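> I'll drop the sequence and a predicted model, then ask my questions.
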Amino acid sequence: MDYSKYIDESKRKNVMPSIIECLDSGKSVDQTAKKLVEIFGFEKELAKTFAWTELARVQTHRAIESYLENGIPAVQFSASPNCCPICQALDGKIIPIEKSYGLELPHTRCTCCWLPHW
């Protein structure tokens, strides 16, 4: 995700350990956003967008790593109900697992996911 308009790359790298810590401790998007506001001085709405998007990015990366480790041959995009036109167009798309490294969700605050596909 490109946040360069709002957050420079060095700040993003400094924030990521906090994002991962929140994910590992089971914190919600709102709790993670609150931490970003308190520690890094993010504006509230930007903190929520950043938290939502980056938590989803880390979760997606971890899921794909797990799929690789467990011999899943491919991933399939699963669009959420009432999703945007971008995600509707991707719904059902299948990608071989060997080409899935670095996959992300299509946009900020996306509620869709990449699922294992056999």
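Received, thanks. These numbers come from a predicted model, not from an experiment. Numbering: from 1, shown residues only.
> now do stretch 20-37: distance from first to last residue.
Taking CA to CA, to the nearest Å as the measure, stretch 20-37 stretches 16 Å from start to finish.
> just the residues contacting it, thanks.
15, 18-19, 42-44, 47-48, 50-52, 55, 58-59 (CB atoms under 8 Å, 6 or more residues apart in numbering). Quick note: C-beta positions are derived from backbone N, CA and C, even for glycine.
> recalculate using a threshold of 10 Å.
7, 15, 18-19, 42-56, 58-59, 62, 109 (CB atoms under 10 Å, 6 or more residues apart in numbering).
> pLDDT weak spots in this structure?
When residues are selected by pLDDT under 70, those of the chain lie in 1-8.
> pull out the buried residues from the longest helix anywhere in it.
What stands out as the longest helix in the chain, according to DSSP state H, is helix 44-69. Residues of helix 44-69 classed as buried: 47-58, 60, 63-64, 67 (neighbour count, 16 or more other CB atoms under 10 Å).
> quick check: Leu55 touching Ile19?
Yes. Taking contacts as CB atoms under 10 Å, Leu55 lies within contact range of Ile19: 6.3 Å.
> ok, which stretches of the protein are strands?
Here the chain has its strands, by DSSP state E, at 74-78, 94-96, 113-117.
> between the buried residues of helix 44-69, which sits nearest Ile94?
For the buried residues of helix 44-69, the closest approach to Ile94 (CB to CB) belongs to Tyr67, at 12.6 Å.
> how about Glu43: what's its closest non-neighbour residue?
Val37 (7.8 Å; CB to CB, 6 or more residues apart in numbering).
> typed the wrong thing, it's Pro116
Leaving aside its sequence neighbours, Pro116 sits nearest to Ile72 (CB to CB, 6+ apart; 4.3 Å).
> and Arg109, by the same measure?
Distances taken as CB to CB, 6+ apart place Trp52 nearest to Arg109, at 5.0 Å, with adjacent residues excluded.
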